[in-house]
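Undergrad: sequence and predicted structure, then a few things I'm wondering about:
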Amino acid sequence: MSSPGESLSSEGSSPVFPSRPLGDRAGAGETWEMEETKPRMESLESRGLTGFYLSCFDMLFTEDSGWLVKVSEASPGLACAMPFPTPRTEPSEEPEQCPVIDSQALGLSPEQDGVQEEERSLEQVQSMVVGEVLKDIETACKLLNITPDPIEWSCSNVQKWLLWTEHLYRLPQAGKAFQELTGKDLCAMSEEDFRQRSPQCGDTLHAHLDIWKSAAWMKERCSVGDSKITGGEELWSEADSSCSGQPIHLWQFLRELLLKPHNYGRCIRWLNKEKGIFKIEDSAHVARLWGLRKNRPAMNYDKLSRSIRQYYKKGIIRKPDVSQRLVYQFVHPV
DNA sequence: TAGTAGGATAATA
DNA sequence: TATTATCCTACTA
């Protein structure tokens, strides 16, 4: 099946790139209008990225906001787990770290100390929030087999991302309005451009794209700096088969969904993780996700389940001893 | 009606 | 060539 919109068109897109979060993109053969990026950057930074992300929470986590509990329960020791841009007036060329400041050593008053404490707490939350956002984007990249940086998306990548975002956040379909646009075209579009193409959800899609762009920017900065990322986990891992260009297998895809219960727990979940027994709660949803991942719009549970059954002979998946509908078991549990 | 099982064949990487 | 997609029939809950 051919992907929609293979021919490139920049119709309706702005000639400049208005909303690159920070910094330039040397080496990509692209012209970045830094003057144009500045207002957007300042807006982002003056609000603080946390404010930016928090304002998108209702869109981001409509599936399940359970992970937010983790933020409130987070250990203070997780503070500054990843580089995070703090509010400032001028962009810095250096990758930022989150320094641990000894207020007593600085001779601060108790009031100043309290403010410092509050700021540290805020930074802890920021780190957790950003870490979770990055992880969600990483998962989407794996599942869709697209790069995290929207600027690199082809037309079909853009359509995948649109389908995915519409599906995940229950937005009205807007794919046709963005046909024949590459990621670069998309990134060059203003919020108003988005709204013109899709009055119903253009602003939402633009906000999501902004998050992806910010995440790509942060990823780049992380890779420029050291490899320390949140909580010791390696984001953007290259070890994953789907990120290394290898075609993903259905069993791998199912396992990835199972390993992201806060995103996909409503459509697939472990019944007994130790034994590898899982249940597909929403067969149509899982099939749609698989179809999105493999660019097979006609995928349905009938076909998906046939593929699962092919694993019986191979000893990868089987039906549990007590067979139940929509319940399968990994022969070799994780 | 939806899910299960498996044969056959085509498409794809 | 291996894997998955697709289509099919038969059967079950």
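TA: Received, thanks.
Undergrad: which residues in the stretch 101-250 of chain A form helices?
TA: Applying DSSP state H, counting those that start in this stretch to the stretch 101-250 of chain A gives helices spanning A:110-144, A:155-168, A:183-188, A:191-197, A:202-224, A:250-258.
Undergrad: rank these by pLDDT, which is bottom?
TA: Among those, helix A:110-144 carries the lowest mean pLDDT, at a mean of 64.
Undergrad: so, low pLDDT: which residues of the stretch 1-150 of chain A?
TA: Applying pLDDT under 70 to the stretch 1-150 of chain A flags the ranges A:1-131.
Undergrad: what's the neighbour count on the residue of the stretch 101-250 of chain A found nearest DNA strand B?
TA: Going by Cβ to the nearest atom of the strand, DNA strand B is nearest to residue A:247 of the stretch 101-250 of chain A, at 5.0 Å. (Each C-beta comes from the backbone N, C-alpha and C, glycine too.) Per other Cβ atoms under 10 Å, the neighbour tally for residue A:247 reads 9.
Undergrad: please report how far it lies from residue A:295.
TA: Distance, residue A:247 to residue A:295, using Cβ to Cβ, to the nearest Å: 11 Å.
Undergrad: ditto for residue A:175
TA: 13 Å.
Undergrad: Provide a list of residues in contact with residue A:212.
TA: By Cβ atoms under 8 Å, 6 or more residues apart in numbering, the contact list for residue A:212 reads A:137, A:148-150, A:161.
Undergrad: taking chain A, what residue is nearest to DNA strand B?
TA: For chain A, Cβ to the nearest atom of the strand, closest residue to DNA strand B: residue A:325, 3.8 Å.
Undergrad: that residue should be in a strand, yeah?
TA: No - applying DSSP: H, G, I helix; E, B strand; the rest coil, one finds residue A:325 to be coil, outside a strand.
Undergrad: quick one: residues contacting it.
TA: Here residue A:325 is in contact with no residue (Cβ under 8 Å, 6+ apart).
Undergrad: distance of it from DNA strand C?
TA: 7 Å (Cβ to the nearest atom of the strand, to the nearest Å).
Undergrad: can you pull the phi/psi pair for that residue?
TA: Backbone geometry at residue A:325, expressed as degrees, to the nearest 10, gives phi -60, psi 130.
Undergrad: okay, it: pLDDT?
TA: Reported pLDDT for residue A:325: 92.
Undergrad: and residue A:139, how far is that from DNA strand C?
TA: 19 Å.
Undergrad: residues near that residue, how many?
TA: 17.
Undergrad: again with the one 5 residues further on
TA: By other Cβ under 10 Å, 20 other residues sit near residue A:144.
Undergrad: thought it was touching residue A:164?
TA: Yes - look at residue A:144 against residue A:164 with Cβ atoms under 8 Å: they come within range, at 5.7 Å.
Undergrad: okay, and the common contacts of those two?
TA: Joint contacts of residue A:144 and residue A:164 (Cβ under 8 Å, 6+ apart) are residue A:292.
Undergrad: check whether stretch A:280-288 comes near DNA strand C.
TA: No - Stretch A:280-288 is not in contact with DNA strand C by Cβ under 7 Å from any atom of the strand; minimum separation 9.1 Å.
Undergrad: give the buried residues for that stretch.
TA: A:280, A:283, A:285-288 (16 or more other Cβ atoms under 10 Å).
Undergrad: now swap in stretch A:185-194 and tell me
TA: The neighbour-count check on stretch A:185-194 (16+ other Cβ under 10 Å) flags A:185-189, A:191, A:193-194 as buried.
Undergrad: farthest pair in these?
TA: A:185 and A:191 (14.9 Å; Cβ to Cβ).
Undergrad: so where is the stretch 201-334 of chain A shaky, pLDDT-wise?
TA: A:217-246, A:334.
Undergrad: got the residues of it near DNA strand C?
TA: Contact residues (Cβ under 7 Å from any atom of the strand) of the stretch 201-334 of chain A with DNA strand C: A:247, A:249-251, A:290, A:294, A:296, A:298-299, A:302-304, A:306-307, A:310-311, A:314.
Undergrad: the residue nearest to residue A:149 when sequence neighbours are not counted: neighbouring residues, count only.
TA: Residue nearest to residue A:149 in three dimensions, not counting chain neighbours: residue A:216, with 3.8 Å by Cβ to Cβ, 6 or more residues apart in numbering. Residues lying near residue A:216 (other Cβ under 10 Å) number 23.
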